[in-house]
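J.: Can you look at this prediction? I've put the sequence above it.
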Amino acid sequence: MRQDQEDPDQRRSARVYAGAGRAAGSGLVAAPRPVLYDAVLLDRDGTLIEDVPYNGDPEKVRPVPGARVALDRLRAAGLRLAVVTNQSGLARGYFTGEQMRAVQARVEELLGRFDAWLVCPHDDADGCGCRKPAPGLVHAAARELGTSASRCVLVGDIGRDVAAALAAGAAGVLVPTPVTRPEEIAAAGWVADDLPAAVREILRRQQAVLPGRVTDPVGTALVVRSDSAGDVLVTGPAIRAVAAGARRVVLLCGPRGRAAADLLPGVDEVVEHPLPWIDPDPAPVDPDVLRTLTARLAAVGADEAVVFTSFHQSALPLALLLRMAGVGRIAAISDDYPGSLVDIRHRVPVGVPESERALSLAAAAGHRLSPDDEPVLRLRPDAVVPRPAALGDPGYVVLHPGSAASSRACPPALAARIAEALTAAGHRVLVTGSRDEREVTARVAAAGGTDLGGRTDMAGLAGIVADAAAVVVGNTGPAHLAAAAGVPVVSLFAPTVPFGQWGPYRVPTVRLGDAGALCRDTRAATCPVPGHPCLGGVDPAEVVEALRVLAVSGGGGR
(Lines give C-alpha, C1' and ligand atoms only; values in the text may rest on other atoms or scores of the structure.)
Protein backbone atom coordinates (compact mmCIF):
# COMPACT_ATOMS: atom_id res chain seq x y z
CA MET A 1 0.00 0.00 0.00
CA ARG A 2 1.43 3.38 -0.98
CA GLN A 3 2.50 5.80 1.70
CA ASP A 4 0.05 8.41 0.45
CA GLN A 5 -2.76 5.96 -0.28
CA GLU A 6 -6.23 7.38 0.14
CA ASP A 7 -9.61 5.69 0.34
CA PRO A 8 -12.34 7.95 -1.05
CA ASP A 9 -15.25 5.75 0.10
CA GLN A 10 -17.84 7.48 2.23
CA ARG A 11 -17.66 6.52 5.88
CA ARG A 12 -19.89 9.07 7.59
CA SER A 13 -22.59 7.77 9.87
CA ALA A 14 -25.98 9.18 8.95
CA ARG A 15 -26.45 10.39 12.52
CA VAL A 16 -23.31 12.54 12.49
CA TYR A 17 -23.48 16.17 11.36
CA ALA A 18 -25.30 19.27 11.56
CA GLY A 19 -23.77 21.46 14.11
CA ALA A 20 -25.71 19.70 16.83
CA GLY A 21 -26.07 21.58 20.11
CA ARG A 22 -25.51 25.01 18.56
CA ALA A 23 -27.80 27.80 19.70
CA ALA A 24 -29.11 29.46 16.58
CA GLY A 25 -27.18 32.55 15.59
CA SER A 26 -25.31 32.87 18.88
CA GLY A 27 -22.31 30.57 18.58
CA LEU A 28 -23.15 29.43 22.11
CA VAL A 29 -23.73 25.85 23.07
CA ALA A 30 -27.36 25.06 23.84
CA ALA A 31 -27.84 23.85 27.39
CA PRO A 32 -26.78 20.19 27.19
CA ARG A 33 -27.22 17.44 29.68
CA PRO A 34 -23.96 16.36 31.33
CA VAL A 35 -21.80 14.57 28.79
CA LEU A 36 -19.66 12.20 30.84
CA TYR A 37 -21.64 11.61 34.01
CA ASP A 38 -25.24 11.88 35.18
CA ALA A 39 -24.61 10.68 38.71
CA VAL A 40 -21.98 10.24 41.41
CA LEU A 41 -22.22 7.19 43.64
CA LEU A 42 -20.47 7.32 47.00
CA ASP A 43 -19.37 4.69 49.45
CA ARG A 44 -20.44 5.58 52.99
CA ASP A 45 -17.93 4.50 55.63
CA GLY A 46 -14.44 5.89 55.06
CA THR A 47 -15.58 8.00 52.10
CA LEU A 48 -18.45 10.23 53.30
CA ILE A 49 -18.07 9.69 57.02
CA GLU A 50 -15.35 8.42 59.31
CA ASP A 51 -15.24 4.65 59.38
CA VAL A 52 -16.70 3.35 62.65
CA PRO A 53 -16.94 -0.45 62.26
CA TYR A 54 -20.52 -1.73 62.27
CA ASN A 55 -21.91 1.57 63.42
CA GLY A 56 -25.57 1.64 64.43
CA ASP A 57 -25.33 4.84 66.49
CA PRO A 58 -26.12 8.15 64.72
CA GLU A 59 -24.19 10.05 67.41
CA LYS A 60 -20.98 8.51 66.08
CA VAL A 61 -21.45 9.90 62.56
CA ARG A 62 -18.59 12.26 61.65
CA PRO A 63 -18.33 13.57 58.07
CA VAL A 64 -14.90 13.53 56.44
CA PRO A 65 -13.38 17.01 56.07
CA GLY A 66 -14.92 19.08 53.29
CA ALA A 67 -17.65 16.56 52.51
CA ARG A 68 -20.67 18.90 52.66
CA VAL A 69 -19.13 21.57 50.44
CA ALA A 70 -17.93 18.97 47.94
CA LEU A 71 -21.33 17.29 47.72
CA ASP A 72 -23.09 20.62 47.30
CA ARG A 73 -20.80 21.37 44.37
CA LEU A 74 -21.94 18.15 42.71
CA ARG A 75 -25.58 18.99 43.36
CA ALA A 76 -25.12 22.49 41.95
CA ALA A 77 -23.63 20.97 38.79
CA GLY A 78 -26.82 18.97 38.24
CA LEU A 79 -25.38 15.59 39.17
CA ARG A 80 -27.56 13.16 41.10
CA LEU A 81 -26.08 11.52 44.20
CA ALA A 82 -26.51 8.06 45.65
CA VAL A 83 -24.88 6.14 48.47
CA VAL A 84 -23.82 2.55 47.71
CA THR A 85 -22.71 0.77 50.85
CA ASN A 86 -21.95 -2.72 52.14
CA GLN A 87 -23.53 -3.19 55.57
CA SER A 88 -22.78 -6.75 56.59
CA GLY A 89 -23.49 -5.74 60.20
CA LEU A 90 -27.15 -6.36 59.36
CA ALA A 91 -26.46 -9.98 58.42
CA ARG A 92 -24.29 -10.44 61.50
CA GLY A 93 -26.85 -8.90 63.84
CA TYR A 94 -24.61 -6.05 65.00
CA PHE A 95 -27.36 -3.48 64.37
CA THR A 96 -30.95 -3.45 63.17
CA GLY A 97 -32.44 -1.99 60.02
CA GLU A 98 -33.99 0.74 62.13
CA GLN A 99 -30.63 1.67 63.60
CA MET A 100 -29.06 1.71 60.13
CA ARG A 101 -31.78 4.04 58.88
CA ALA A 102 -31.16 6.32 61.87
CA VAL A 103 -27.50 6.53 60.86
CA GLN A 104 -28.52 7.31 57.28
CA ALA A 105 -30.85 10.07 58.51
CA ARG A 106 -27.98 11.58 60.48
CA VAL A 107 -25.72 11.45 57.42
CA GLU A 108 -28.35 13.37 55.42
CA GLU A 109 -28.82 15.86 58.26
CA LEU A 110 -25.12 16.67 58.10
CA LEU A 111 -24.41 16.26 54.37
CA GLY A 112 -27.71 16.98 52.64
CA ARG A 113 -30.22 14.75 50.89
CA PHE A 114 -29.16 11.95 48.59
CA ASP A 115 -31.26 10.87 45.66
CA ALA A 116 -30.98 7.21 46.58
CA TRP A 117 -29.54 4.83 49.16
CA LEU A 118 -28.48 1.36 47.99
CA VAL A 119 -27.48 -1.04 50.75
CA CYS A 120 -26.13 -4.59 50.58
CA PRO A 121 -27.20 -6.28 53.84
CA HIS A 122 -25.27 -9.50 53.17
CA ASP A 123 -22.02 -11.00 54.37
CA ASP A 124 -19.28 -12.29 52.07
CA ALA A 125 -20.33 -15.88 52.66
CA ASP A 126 -23.83 -15.19 51.31
CA GLY A 127 -22.56 -15.05 47.72
CA CYS A 128 -24.92 -12.26 46.69
CA GLY A 129 -24.55 -10.15 43.57
CA CYS A 130 -24.82 -6.82 45.38
CA ARG A 131 -21.96 -6.87 47.88
CA LYS A 132 -19.05 -4.89 46.48
CA PRO A 133 -16.82 -5.83 44.60
CA ALA A 134 -19.80 -7.33 42.76
CA PRO A 135 -21.47 -4.72 40.53
CA GLY A 136 -25.07 -5.21 41.71
CA LEU A 137 -25.30 -2.06 43.85
CA VAL A 138 -23.90 0.07 41.02
CA HIS A 139 -26.43 -1.25 38.53
CA ALA A 140 -29.24 -0.82 41.05
CA ALA A 141 -28.20 2.76 41.79
CA ALA A 142 -28.07 3.60 38.09
CA ARG A 143 -31.60 2.23 37.61
CA GLU A 144 -32.86 4.14 40.65
CA LEU A 145 -31.38 7.36 39.27
CA GLY A 146 -32.74 6.80 35.76
CA THR A 147 -29.39 6.40 34.04
CA SER A 148 -26.89 3.70 33.10
CA ALA A 149 -23.83 2.51 34.98
CA SER A 150 -21.54 3.85 32.25
CA ARG A 151 -22.78 7.36 33.04
CA CYS A 152 -21.92 7.03 36.75
CA VAL A 153 -18.73 7.56 38.70
CA LEU A 154 -18.24 5.82 42.03
CA VAL A 155 -16.05 7.25 44.80
CA GLY A 156 -14.78 4.88 47.47
CA ASP A 157 -11.89 4.23 49.81
CA ILE A 158 -10.97 0.59 49.14
CA GLY A 159 -10.36 -1.68 46.17
CA ARG A 160 -13.80 -3.28 46.46
CA ASP A 161 -15.41 0.04 45.55
CA VAL A 162 -13.29 0.53 42.44
CA ALA A 163 -13.72 -3.11 41.39
CA ALA A 164 -17.52 -2.81 41.67
CA ALA A 165 -17.48 0.32 39.53
CA LEU A 166 -15.33 -1.30 36.82
CA ALA A 167 -17.41 -4.48 36.77
CA ALA A 168 -20.51 -2.39 36.12
CA GLY A 169 -18.86 -0.24 33.44
CA ALA A 170 -18.76 2.87 35.65
CA ALA A 171 -15.77 5.05 36.44
CA GLY A 172 -14.16 4.42 39.81
CA VAL A 173 -12.26 6.90 41.98
CA LEU A 174 -10.19 5.65 44.90
CA VAL A 175 -9.73 8.00 47.87
CA PRO A 176 -7.21 6.12 50.03
CA THR A 177 -7.36 6.04 53.81
CA PRO A 178 -4.99 4.32 56.27
CA VAL A 179 -6.88 1.04 55.71
CA THR A 180 -6.43 1.11 51.93
CA ARG A 181 -3.87 -1.48 50.86
CA PRO A 182 -0.96 -0.42 48.61
CA GLU A 183 -1.93 -2.98 45.95
CA GLU A 184 -5.41 -1.43 45.81
CA ILE A 185 -3.90 1.98 45.17
CA ALA A 186 -1.62 0.55 42.47
CA ALA A 187 -4.54 -1.14 40.71
CA ALA A 188 -6.87 1.86 40.73
CA GLY A 189 -7.00 3.81 37.50
CA TRP A 190 -8.06 7.04 39.21
CA VAL A 191 -6.80 8.07 42.66
CA ALA A 192 -7.63 11.30 44.53
CA ASP A 193 -6.14 12.62 47.74
CA ASP A 194 -9.49 13.17 49.44
CA LEU A 195 -13.19 13.56 48.69
CA PRO A 196 -13.00 17.28 47.77
CA ALA A 197 -10.14 16.51 45.37
CA ALA A 198 -12.16 13.70 43.80
CA VAL A 199 -15.11 16.06 43.30
CA ARG A 200 -12.92 18.76 41.78
CA GLU A 201 -11.55 16.30 39.24
CA ILE A 202 -14.99 14.87 38.42
CA LEU A 203 -16.26 18.37 37.67
CA ARG A 204 -13.11 19.31 35.79
CA ARG A 205 -13.38 16.26 33.52
CA GLN A 206 -17.08 16.92 33.01
CA GLN A 207 -16.44 20.52 32.00
CA ALA A 208 -13.39 19.73 29.88
CA VAL A 209 -15.44 17.96 27.20
CA LEU A 210 -17.98 20.80 26.91
CA PRO A 211 -16.88 23.69 24.67
CA GLY A 212 -17.66 27.13 25.99
CA ARG A 213 -18.34 28.25 22.43
CA VAL A 214 -18.68 26.25 19.26
CA THR A 215 -16.84 27.03 16.07
CA ASP A 216 -18.57 28.35 13.01
CA PRO A 217 -19.70 25.54 10.68
CA VAL A 218 -16.67 23.80 9.21
CA GLY A 219 -16.48 22.66 5.60
CA THR A 220 -13.58 20.20 5.76
CA ALA A 221 -11.93 19.12 8.99
CA LEU A 222 -8.71 17.11 9.02
CA VAL A 223 -8.36 14.90 12.08
CA VAL A 224 -5.15 13.04 12.83
CA ARG A 225 -4.40 9.90 14.82
CA SER A 226 -1.28 8.23 13.53
CA ASP A 227 -0.73 5.24 15.75
CA SER A 228 -1.97 1.69 16.31
CA ALA A 229 -5.48 0.31 15.83
CA GLY A 230 -6.29 0.68 19.52
CA ASP A 231 -5.21 4.33 19.51
CA VAL A 232 -7.47 5.06 16.56
CA LEU A 233 -10.43 3.29 18.16
CA VAL A 234 -10.22 5.20 21.44
CA THR A 235 -10.11 8.50 19.53
CA GLY A 236 -13.46 7.68 17.91
CA PRO A 237 -15.68 9.77 20.23
CA ALA A 238 -13.55 12.88 19.63
CA ILE A 239 -13.62 12.33 15.87
CA ARG A 240 -17.42 12.06 16.01
CA ALA A 241 -17.50 15.32 17.96
CA VAL A 242 -15.56 17.04 15.16
CA ALA A 243 -17.81 15.39 12.57
CA ALA A 244 -20.92 16.71 14.34
CA GLY A 245 -19.96 20.23 13.23
CA ALA A 246 -18.21 19.55 9.90
CA ARG A 247 -19.53 18.67 6.47
CA ARG A 248 -16.52 16.53 5.62
CA VAL A 249 -13.98 14.79 7.83
CA VAL A 250 -10.67 13.44 6.54
CA LEU A 251 -8.67 11.20 8.87
CA LEU A 252 -4.88 10.97 8.57
CA CYS A 253 -3.64 7.73 10.09
CA GLY A 254 -0.65 5.41 9.85
CA PRO A 255 -0.51 1.91 8.38
CA ARG A 256 -0.92 0.29 11.79
CA GLY A 257 -4.19 2.12 12.42
CA ARG A 258 -5.71 1.95 8.95
CA ALA A 259 -7.93 -1.08 9.54
CA ALA A 260 -9.43 0.59 12.61
CA ALA A 261 -9.87 3.89 10.76
CA ASP A 262 -12.09 2.12 8.25
CA LEU A 263 -14.44 1.16 11.10
CA LEU A 264 -15.02 4.63 12.57
CA PRO A 265 -18.30 6.54 12.20
CA GLY A 266 -18.03 10.17 11.15
CA VAL A 267 -15.07 9.72 8.79
CA ASP A 268 -15.60 10.47 5.10
CA GLU A 269 -12.11 9.84 3.80
CA VAL A 270 -8.91 8.22 5.04
CA VAL A 271 -5.38 9.28 4.13
CA GLU A 272 -2.76 6.73 5.17
CA HIS A 273 0.82 7.82 5.73
CA PRO A 274 3.45 6.79 8.31
CA LEU A 275 4.90 9.51 10.51
CA PRO A 276 8.51 8.87 11.55
CA TRP A 277 8.11 10.75 14.86
CA ILE A 278 5.20 8.47 15.85
CA ASP A 279 5.90 4.98 14.48
CA PRO A 280 7.73 2.67 16.93
CA ASP A 281 10.03 1.34 14.18
CA PRO A 282 10.39 4.39 11.95
CA ALA A 283 12.19 4.59 8.66
CA PRO A 284 14.80 7.35 8.30
CA VAL A 285 13.34 10.78 7.67
CA ASP A 286 13.11 11.25 3.90
CA PRO A 287 12.61 14.87 2.73
CA ASP A 288 10.94 13.71 -0.48
CA VAL A 289 8.44 11.57 1.43
CA LEU A 290 7.60 14.49 3.73
CA ARG A 291 7.18 16.80 0.74
CA THR A 292 4.77 14.25 -0.73
CA LEU A 293 2.83 14.19 2.53
CA THR A 294 2.72 17.99 2.72
CA ALA A 295 1.34 18.16 -0.81
CA ARG A 296 -1.26 15.53 0.02
CA LEU A 297 -2.33 17.47 3.09
CA ALA A 298 -2.62 20.64 1.04
CA ALA A 299 -4.86 18.78 -1.42
CA VAL A 300 -7.31 17.95 1.37
CA GLY A 301 -8.25 21.62 1.51
CA ALA A 302 -8.89 21.50 5.24
CA ASP A 303 -10.40 24.50 6.96
CA GLU A 304 -9.00 23.27 10.23
CA ALA A 305 -6.98 20.39 11.65
CA VAL A 306 -7.29 18.67 15.02
CA VAL A 307 -4.17 16.65 15.82
CA PHE A 308 -4.82 13.87 18.33
CA THR A 309 -1.81 12.33 20.02
CA SER A 310 -1.11 10.12 23.00
CA PHE A 311 0.24 11.63 26.21
CA HIS A 312 3.85 10.80 25.32
CA GLN A 313 3.77 12.03 21.70
CA SER A 314 4.35 15.44 20.13
CA ALA A 315 1.96 17.08 17.70
CA LEU A 316 4.45 19.76 16.68
CA PRO A 317 6.26 18.06 13.76
CA LEU A 318 2.97 17.47 11.97
CA ALA A 319 1.73 20.93 12.92
CA LEU A 320 4.70 22.35 11.01
CA LEU A 321 3.78 20.34 7.91
CA LEU A 322 0.15 21.41 8.23
CA ARG A 323 1.24 25.05 8.32
CA MET A 324 3.31 24.46 5.21
CA ALA A 325 0.24 22.84 3.64
CA GLY A 326 -1.74 26.00 4.27
CA VAL A 327 -4.05 24.84 7.06
CA GLY A 328 -5.15 28.00 8.80
CA ARG A 329 -6.44 26.67 12.12
CA ILE A 330 -4.69 23.91 14.05
CA ALA A 331 -5.60 22.48 17.46
CA ALA A 332 -3.36 20.11 19.40
CA ILE A 333 -2.32 19.07 22.88
CA SER A 334 1.15 20.38 23.55
CA ASP A 335 3.06 20.81 26.78
CA ASP A 336 5.98 22.13 24.74
CA TYR A 337 5.86 25.73 23.54
CA PRO A 338 4.35 25.56 20.03
CA GLY A 339 5.13 29.09 18.84
CA SER A 340 3.00 29.86 15.79
CA LEU A 341 2.52 26.20 14.85
CA VAL A 342 -0.67 25.75 16.85
CA ASP A 343 -3.65 28.09 17.19
CA ILE A 344 -5.36 26.16 19.99
CA ARG A 345 -2.83 24.84 22.44
CA HIS A 346 -4.52 22.47 24.86
CA ARG A 347 -3.18 20.80 27.97
CA VAL A 348 -4.53 17.78 29.83
CA PRO A 349 -3.57 16.53 33.30
CA VAL A 350 -1.91 13.14 33.61
CA GLY A 351 -4.22 10.16 34.10
CA VAL A 352 -7.22 11.11 32.00
CA PRO A 353 -8.58 8.26 29.84
CA GLU A 354 -7.35 8.59 26.27
CA SER A 355 -10.89 8.91 24.90
CA GLU A 356 -11.67 11.79 27.26
CA ARG A 357 -8.29 13.36 26.62
CA ALA A 358 -9.12 13.48 22.92
CA LEU A 359 -12.69 14.67 23.55
CA SER A 360 -11.34 17.56 25.61
CA LEU A 361 -9.15 18.63 22.70
CA ALA A 362 -12.15 18.54 20.37
CA ALA A 363 -14.04 20.67 22.90
CA ALA A 364 -11.17 23.14 23.13
CA ALA A 365 -11.42 23.46 19.35
CA GLY A 366 -15.15 24.18 19.68
CA HIS A 367 -16.63 20.74 18.95
CA ARG A 368 -18.94 18.53 20.97
CA LEU A 369 -20.81 15.30 20.44
CA SER A 370 -24.30 15.46 18.99
CA PRO A 371 -27.07 15.41 21.62
CA ASP A 372 -28.06 11.88 20.56
CA ASP A 373 -24.51 10.58 20.84
CA GLU A 374 -22.67 9.24 23.87
CA PRO A 375 -18.97 9.47 24.80
CA VAL A 376 -18.41 5.78 24.14
CA LEU A 377 -16.48 3.86 21.52
CA ARG A 378 -18.48 2.98 18.41
CA LEU A 379 -18.00 1.20 15.09
CA ARG A 380 -19.80 1.66 11.79
CA PRO A 381 -22.27 -1.24 11.64
CA ASP A 382 -21.95 -1.51 7.87
CA ALA A 383 -18.16 -1.90 8.18
CA VAL A 384 -18.25 -4.82 10.60
CA VAL A 385 -18.14 -8.25 8.95
CA PRO A 386 -20.83 -10.51 10.49
CA ARG A 387 -19.73 -13.51 12.49
CA PRO A 388 -19.55 -16.68 10.36
CA ALA A 389 -22.49 -18.98 11.08
CA ALA A 390 -20.08 -21.91 11.35
CA LEU A 391 -18.89 -20.53 14.70
CA GLY A 392 -22.24 -21.37 16.26
CA ASP A 393 -24.53 -19.22 18.34
CA PRO A 394 -23.44 -16.03 20.09
CA GLY A 395 -22.38 -16.21 23.72
CA TYR A 396 -18.89 -17.66 23.47
CA VAL A 397 -15.79 -16.23 25.16
CA VAL A 398 -13.09 -14.72 22.96
CA LEU A 399 -9.55 -15.31 24.24
CA HIS A 400 -7.01 -13.06 22.53
CA PRO A 401 -3.55 -13.84 23.98
CA GLY A 402 -1.33 -11.76 21.68
CA SER A 403 -0.37 -8.14 21.21
CA ALA A 404 1.82 -6.17 18.82
CA ALA A 405 3.81 -5.20 21.93
CA SER A 406 5.02 -8.44 23.50
CA SER A 407 5.14 -6.79 26.94
CA ARG A 408 1.34 -6.60 26.87
CA ALA A 409 0.72 -10.16 25.58
CA CYS A 410 -0.48 -12.99 27.76
CA PRO A 411 2.28 -15.61 28.15
CA PRO A 412 1.33 -18.52 25.86
CA ALA A 413 1.57 -21.13 28.60
CA LEU A 414 -0.77 -19.10 30.79
CA ALA A 415 -3.16 -18.50 27.90
CA ALA A 416 -3.32 -22.27 27.31
CA ARG A 417 -4.15 -22.86 30.96
CA ILE A 418 -6.84 -20.16 30.79
CA ALA A 419 -8.37 -21.83 27.73
CA GLU A 420 -8.37 -25.16 29.53
CA ALA A 421 -10.00 -23.67 32.65
CA LEU A 422 -12.64 -21.83 30.65
CA THR A 423 -13.55 -24.95 28.71
CA ALA A 424 -13.74 -26.97 31.92
CA ALA A 425 -16.12 -24.34 33.34
CA GLY A 426 -18.46 -24.87 30.40
CA HIS A 427 -17.48 -21.87 28.26
CA ARG A 428 -17.11 -22.08 24.50
CA VAL A 429 -13.79 -20.45 23.65
CA LEU A 430 -12.65 -18.83 20.42
CA VAL A 431 -8.93 -18.06 20.30
CA THR A 432 -8.10 -15.11 18.07
CA GLY A 433 -4.88 -13.57 16.83
CA SER A 434 -3.05 -12.16 13.84
CA ARG A 435 -1.29 -14.12 11.10
CA ASP A 436 1.98 -13.67 12.98
CA GLU A 437 0.42 -15.22 16.08
CA ARG A 438 -0.90 -18.44 14.53
CA GLU A 439 1.64 -20.62 16.32
CA VAL A 440 0.52 -19.19 19.66
CA THR A 441 -3.20 -19.41 18.94
CA ALA A 442 -2.83 -23.04 17.80
CA ARG A 443 -1.07 -23.91 21.04
CA VAL A 444 -3.68 -22.14 23.14
CA ALA A 445 -6.65 -23.59 21.25
CA ALA A 446 -5.23 -27.09 21.61
CA ALA A 447 -5.81 -26.73 25.34
CA GLY A 448 -9.45 -25.83 24.78
CA GLY A 449 -11.22 -23.82 22.11
CA THR A 450 -11.44 -23.06 18.42
CA ASP A 451 -8.38 -21.62 16.71
CA LEU A 452 -9.12 -18.51 14.63
CA GLY A 453 -5.53 -17.26 14.49
CA GLY A 454 -4.84 -15.41 11.24
CA ARG A 455 -8.33 -16.09 9.90
CA THR A 456 -9.89 -12.66 10.36
CA ASP A 457 -9.06 -9.08 9.50
CA MET A 458 -10.02 -6.21 11.83
CA ALA A 459 -13.56 -5.96 10.47
CA GLY A 460 -14.07 -9.71 10.81
CA LEU A 461 -12.64 -9.74 14.32
CA ALA A 462 -15.03 -6.93 15.23
CA GLY A 463 -17.96 -9.09 14.13
CA ILE A 464 -16.74 -12.03 16.21
CA VAL A 465 -16.16 -9.84 19.26
CA ALA A 466 -19.60 -8.24 18.94
CA ASP A 467 -21.32 -11.61 19.44
CA ALA A 468 -19.14 -12.68 22.37
CA ALA A 469 -20.38 -12.90 25.94
CA ALA A 470 -16.98 -11.58 27.05
CA VAL A 471 -13.43 -11.04 25.81
CA VAL A 472 -10.31 -12.10 27.74
CA VAL A 473 -7.53 -9.89 26.42
CA GLY A 474 -4.56 -7.74 27.33
CA ASN A 475 -4.09 -4.05 26.67
CA THR A 476 -4.41 -4.26 22.90
CA GLY A 477 -6.79 -3.51 20.04
CA PRO A 478 -9.44 -6.21 20.65
CA ALA A 479 -10.03 -4.79 24.15
CA HIS A 480 -11.19 -1.58 22.48
CA LEU A 481 -13.22 -3.50 19.90
CA ALA A 482 -15.00 -5.10 22.84
CA ALA A 483 -15.62 -1.70 24.41
CA ALA A 484 -17.04 -0.43 21.11
CA ALA A 485 -19.42 -3.40 21.04
CA GLY A 486 -20.38 -3.09 24.71
CA VAL A 487 -18.94 -6.54 25.44
CA PRO A 488 -17.51 -7.17 28.95
CA VAL A 489 -13.75 -7.52 29.25
CA VAL A 490 -11.52 -9.58 31.49
CA SER A 491 -8.46 -7.35 31.22
CA LEU A 492 -5.07 -9.03 31.56
CA PHE A 493 -3.52 -5.61 31.85
CA ALA A 494 0.26 -5.26 31.91
CA PRO A 495 0.98 -2.00 33.79
CA THR A 496 3.58 -0.69 31.33
CA VAL A 497 1.09 2.12 30.65
CA PRO A 498 -1.50 3.51 33.11
CA PHE A 499 -4.74 1.53 33.37
CA GLY A 500 -6.67 4.75 33.98
CA GLN A 501 -5.68 5.96 30.52
CA TRP A 502 -5.73 2.72 28.55
CA GLY A 503 -8.12 0.35 30.29
CA PRO A 504 -11.31 -0.70 28.42
CA TYR A 505 -13.49 2.41 28.27
CA ARG A 506 -17.02 2.46 29.70
CA VAL A 507 -17.61 -1.26 29.48
CA PRO A 508 -17.90 -3.80 32.34
CA THR A 509 -14.36 -4.88 33.18
CA VAL A 510 -12.46 -6.99 35.67
CA ARG A 511 -8.76 -6.20 35.84
CA LEU A 512 -6.30 -9.02 36.58
CA GLY A 513 -2.53 -9.01 36.96
CA ASP A 514 0.02 -7.40 39.25
CA ALA A 515 -0.54 -3.65 38.93
CA GLY A 516 2.56 -2.88 40.97
CA ALA A 517 5.01 -4.96 38.95
CA LEU A 518 8.47 -3.58 38.16
CA CYS A 519 7.44 -2.83 34.57
CA ARG A 520 4.88 -0.28 35.80
CA ASP A 521 4.79 2.91 33.71
CA THR A 522 7.89 1.97 31.69
CA ARG A 523 5.99 2.03 28.34
CA ALA A 524 8.20 -0.91 27.40
CA ALA A 525 7.19 -2.73 24.22
CA THR A 526 9.24 -5.78 25.22
CA CYS A 527 8.93 -7.15 28.76
CA PRO A 528 11.83 -5.66 30.77
CA VAL A 529 11.49 -8.18 33.61
CA PRO A 530 12.29 -11.88 33.17
CA GLY A 531 9.28 -14.18 33.51
CA HIS A 532 6.63 -11.57 32.68
CA PRO A 533 5.64 -11.33 36.39
CA CYS A 534 2.86 -8.76 35.90
CA LEU A 535 0.73 -11.38 34.14
CA GLY A 536 2.57 -14.63 34.85
CA GLY A 537 1.05 -14.85 38.31
CA VAL A 538 -2.57 -14.77 37.13
CA ASP A 539 -4.44 -17.92 38.19
CA PRO A 540 -6.80 -19.23 35.47
CA ALA A 541 -9.38 -19.67 38.21
CA GLU A 542 -9.35 -15.87 38.56
CA VAL A 543 -10.44 -15.56 34.94
CA VAL A 544 -13.30 -18.00 35.50
CA GLU A 545 -14.35 -16.04 38.59
CA ALA A 546 -14.09 -12.75 36.69
CA LEU A 547 -16.57 -14.06 34.14
CA ARG A 548 -18.93 -14.98 36.97
CA VAL A 549 -18.67 -11.45 38.36
CA LEU A 550 -19.49 -10.13 34.88
CA ALA A 551 -22.57 -12.41 34.81
CA VAL A 552 -21.16 -14.53 31.99
CA SER A 553 -22.38 -18.07 32.50
CA GLY A 554 -20.66 -21.27 31.44
CA GLY A 555 -23.65 -22.16 29.32
CA GLY A 556 -22.63 -19.77 26.55
CA GLY A 557 -24.67 -16.73 27.48
CA ARG A 558 -25.01 -13.73 29.74
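T.: It's in. Numbering: from 1, shown residues only.
J.: Could you check the pLDDT of the residue of the chain most remote from its centre?
T.: Largest separation from the mean C-alpha position in the chain: Glu59, at 41.3 Å (C-alpha atoms, centre = their mean). Predicted confidence (pLDDT) at Glu59: the value is 97.
J.: Apart from its chain neighbours, what residue comes closest to it?
T.: Arg106 (7.9 Å; C-beta to C-beta, 6 or more residues apart in numbering). Where C-beta positions appear, they are placed from N, C-alpha and C, glycine not excepted.
J.: So for the helix or strand where the one you found lies, what gets flagged as buried?
T.: Counting by DSSP states H and E, the element that carries Arg106 is helix 97-111. By 16 or more other C-beta atoms under 10 Å, the buried positions in helix 97-111 come out as Gln99, Met100, Ala102, Val103, Gln104, Arg106, Val107, Leu111.
J.: what separates the residue farthest from the centre of the chain from Phe308, distance-wise?
T.: Here Glu59 is placed at a distance of 54 Å from Phe308 (C-beta to C-beta, to the nearest Å).
J.: does Ala546 really touch Thr509, like I thought?
T.: No - with contact defined as C-beta atoms under 8 Å, Ala546 does not reach Thr509; the gap is 9.1 Å.
J.: For these two, indicate the residue with more neighbours.
T.: Thr509 (27 against 23; other C-beta atoms under 10 Å).
J.: okay, the buried residues of helix 97-111 in TSV with distance to Asp457 and pLDDT next?
T.: Formatted as TSV, the buried residues of helix 97-111 follow (distance: C-beta to C-beta, whole Å; pLDDT from 0 to 100):
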residue	distance to Asp457	pLDDT
Gln99	61	96
Met100	55	96
Ala102	61	97
Val103	57	97
Gln104	54	97
Arg106	60	98
Val107	54	98
Leu111	53	98
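J.: which one of these is nearest Leu233?
T.: Leu111 (40.0 Å; C-beta to C-beta).
J.: mind checking how far the closest one is from Leu154?
T.: Leu111 is 17 Å from Leu154, by C-beta to C-beta.
J.: do Val444 as well
T.: 34 Å.
J.: How about Ala494?
T.: Using C-beta to C-beta, Ala494 is found at 25 Å from Leu154.
J.: cool, Asp514 as well?
T.: 24 Å.
J.: swap in Val300?
T.: Applying C-beta to C-beta to Val300 and Leu154 gives a distance of 43 Å.
J.: ditto for Ile344
T.: 33 Å.
J.: Of the two, which one has the most company?
T.: Between Ile344 and Leu154, counted using other C-beta under 10 Å, the more crowded position is Leu154 (29 against 18).
J.: Looking at strand pairing, list the partners for the more buried one.
T.: Counting by DSSP bridges, Leu154 is bridged to Leu41, Gly172.
J.: Over to the residue lying closest to Ala39 once chain neighbours are set aside: give its phi and psi.
T.: Take Ala39 and drop its neighbours on the chain: the residue closest to it by C-beta to C-beta, 6+ apart is Arg80, 4.3 Å away. Arg80 has phi and psi values of phi -80, psi 150 when expressed as degrees, to the nearest 10.
J.: shouldn't Arg80 be in contact with Leu42?
T.: No - in this structure, Arg80 is not within contact of Leu42 by C-beta under 8 Å, at 11.4 Å.
J.: For those two, indicate the residue with more neighbours.
T.: Of the pair Arg80 and Leu42, Leu42 is the one with more neighbours under other C-beta under 10 Å, namely 28 against 21.
J.: what sits against the more buried one?
T.: Taking C-beta atoms under 8 Å, 6 or more residues apart in numbering, we find Leu42 in contact with Leu48, Leu81, Ala82, Val83, Val84, Leu154, Val155, Gly156.
J.: Give me the neighbour count for the last one.
T.: Which is Gly156. Gly156, neighbours per other C-beta under 10 Å, totals 29.
J.: Lovely, talk soon.
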